[in-house]
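Below is the sequence, then the predicted model.
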Amino acid sequence: MSTAVGPRSSTDVGVPVTSVEARAYRVPTDRPEGDGTLTWDATTLVLVQVRAADRLGTGWTYAPAATAGLVDELLAPVVSGIDALAPATAQRAMLRAVRNAGRPGLVSMAISAVDVALWDLCARLHDVPLAQLWGAADDGVEVYGSGGFTTYDDETLRAQLEGWTDLGLSRVKIKIGESWGTEVSRDLTRTDLARRTVGDEVDLFVDANGAYSPGRACRMGARLGALGVTWFEEPVTSDDLPGLRRVREAVAADVTAGEYGYDVPYFEQMAAAGAVDCLQVDVTRCGGYTAWLAVSALADAHHLDLSGHCAPYLSLPAAVATPRLRHVEWFHDHVRIGQLLFEGCADPVGGVLRGSGGPGHGLTLRTDAAARFRVG
Ligand SMILES: [Mg+2]
């Protein structure tokens, strides 16, 4: 199919974006989910679709439905009419437009969804996969199984872990820090159950979601180390960079954080503080693909690895273009939603997730399947 892509003069706008639409979908979880500091029974996905010429670009974030209103009010007016072949230019226009609203939180999640949609559109206009647009060979990324919610009983936890090892995953992660770090005995019992379920050959990760104090996290770190835990995510709140560093210096496992990074300077501060062994970047929060690629360069400069937080299907194209990528999170909740709502969401093979080879990120909204979940 031919498109309007081709040589342009410096005075035209290339292929103008003709529409920006945002919608919200609320998808109930398959069973109650919880971690050390939050519980939930549904996840809201805010979808953005952008059009130019005869192509459609799609992006999304996991955020309250109000985020769709931010897209409509603040971002759509500055993205409409802009050159769809220049997503980085659109990102700068969005950042200028949100000056008074403030960047972190919902605003950055709205920007992320639009940025992802614009890059998807750009690659589709060029009729190439996103990874190819960024000069990367699309040879897949390793994923780690993630879920293991504190709300699960032992049978559910065991079945989920076995499902991941059956998929060929060689790393799994469970939630600990139950009830704000006050249930340490159950945390350790569940971690031990996970170790006995997956065996000694599978890497065992834990995520405390900031539930522990630094002292308790250091003490827990020693006991988790005895169970062979090699990844201790957010042992303390990621707002406490000295606390993260204190735990990092005391425990054998790698200490990791970054999921609440809503802009590039956040990652610079975390890296410069020596707070983590591996930065976690979430493409649906940090500012989309444009920001992910900047964080990738930053991590490289600090000799830090990068891991993709949640949203595995959207992370994939940027992840394959990340030189110091460690892995991408195969998060139960987002895997399930992805496979419910989008064509192109395949399982990993031998622990490696690969793209479809189609243009853009290769994912297409299943409009009929999504309709019953729409809330805005
Ligand atoms: Mg986490």
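That came in fine, so what should we check first? Residues are numbered from 1 along each chain as shown.

all strands in the protein, in order from the N-terminus.
17-34, 39-52, 55-62, 141-147, 171-175, 203-207, 229-233, 254-257, 278-281, 305-308, 325-331, 342-343, 352-353, 364-365 (DSSP state E).

Run me through the strand neighbours of the second one, direction for each.
Spelled out, it's strand 39-52. strand 17-34 (antiparallel), strand 55-62 (antiparallel) (DSSP bridges).

Please apply the same query to the fourth one.
Partners of strand 141-147 in the sheet, by DSSP bridges, are strand 171-175 (parallel), strand 325-331 (parallel), strand 352-353 (antiparallel).

May I see the strands of the chain organised as TSV, with mean neighbour count and distance to the ion added?
(Each C-beta comes from the backbone N, C-alpha and C, glycine too.) TSV is the format used below for the strands of the chain (neighbours: other C-beta atoms under 10 Å; distance: least, C-beta to the ion, whole Å):
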stretch	mean neighbour count	distance to the ion
strand 17-34	17	13
strand 39-52	21	14
strand 55-62	25	13
strand 141-147	25	8
strand 171-175	25	8
strand 203-207	24	4
strand 229-233	24	5
strand 254-257	24	8
strand 278-281	25	7
strand 305-308	25	10
strand 325-331	25	8
strand 342-343	18	23
strand 352-353	18	19
strand 364-365	16	27
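
Any chance of those strands in TSV with mean pLDDT as columns?
Below are those laid out as TSV (pLDDT from 0 to 100):
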stretch	mean pLDDT
strand 17-34	98
strand 39-52	98
strand 55-62	98
strand 141-147	98
strand 171-175	98
strand 203-207	98
strand 229-233	98
strand 254-257	98
strand 278-281	98
strand 305-308	98
strand 325-331	98
strand 342-343	97
strand 352-353	97
strand 364-365	98
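
Need those in TSV (columns: distance to residue 197).
Below are the strands of the chain laid out as TSV (distance: least, C-beta to C-beta, whole Å):
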stretch	distance to residue 197
strand 17-34	18
strand 39-52	23
strand 55-62	28
strand 141-147	11
strand 171-175	9
strand 203-207	10
strand 229-233	14
strand 254-257	22
strand 278-281	24
strand 305-308	23
strand 325-331	17
strand 342-343	30
strand 352-353	22
strand 364-365	36
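
follow-up on the earlier one: with distance to residue 232 as added columns, please give the strands paired with strand 141-147 in JSON lines.
Shown next, in JSON lines, are the strands paired with strand 141-147 (distance: least, C-beta to C-beta, whole Å):
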{"stretch": "strand 171-175", "distance to residue 232": "10"}
{"stretch": "strand 325-331", "distance to residue 232": "14"}
{"stretch": "strand 352-353", "distance to residue 232": "24"}
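
how about the residues of the stretch 151-300 of the chain that lie near the ion?
207, 233 (C-beta under 5 Å from the ion).

What segments of the stretch 151-300 of the chain are helices?
Here the stretch 151-300 of the chain has its helices, by DSSP state H, counting those that start in this stretch, at 154-166, 178-181, 184-198, 214-226, 241-250, 264-272, 288-301.

Where does the prediction get shaky in this structure?
Within the chain, the set of residues satisfying pLDDT under 70 comprises 1-12.

Could you identify the longest helix within it?
helix 106-126 (DSSP state H).

now that one: how far from the chain's centre is it?
14 Å (C-alpha atoms, centre = their mean, to the nearest Å).

Which neighbouring elements make contact with that helix?
strand 17-34, strand 39-52, strand 55-62, helix 66-70, helix 87-97, helix 130-133, helix 288-301 (3 or more C-beta pairs under 8 Å, 6 or more residues apart in numbering; DSSP states H and E).

In the stretch 1-150 of the chain, what residue lies closest to the ion?
residue 35 (7.4 Å; C-beta to the ion).

Not including adjacent chain positions, what is the nearest residue to residue 18?
Using C-beta to C-beta, 6 or more residues apart in numbering and skipping the chain neighbours, the partner closest in space to residue 18 is residue 51 (5.1 Å).
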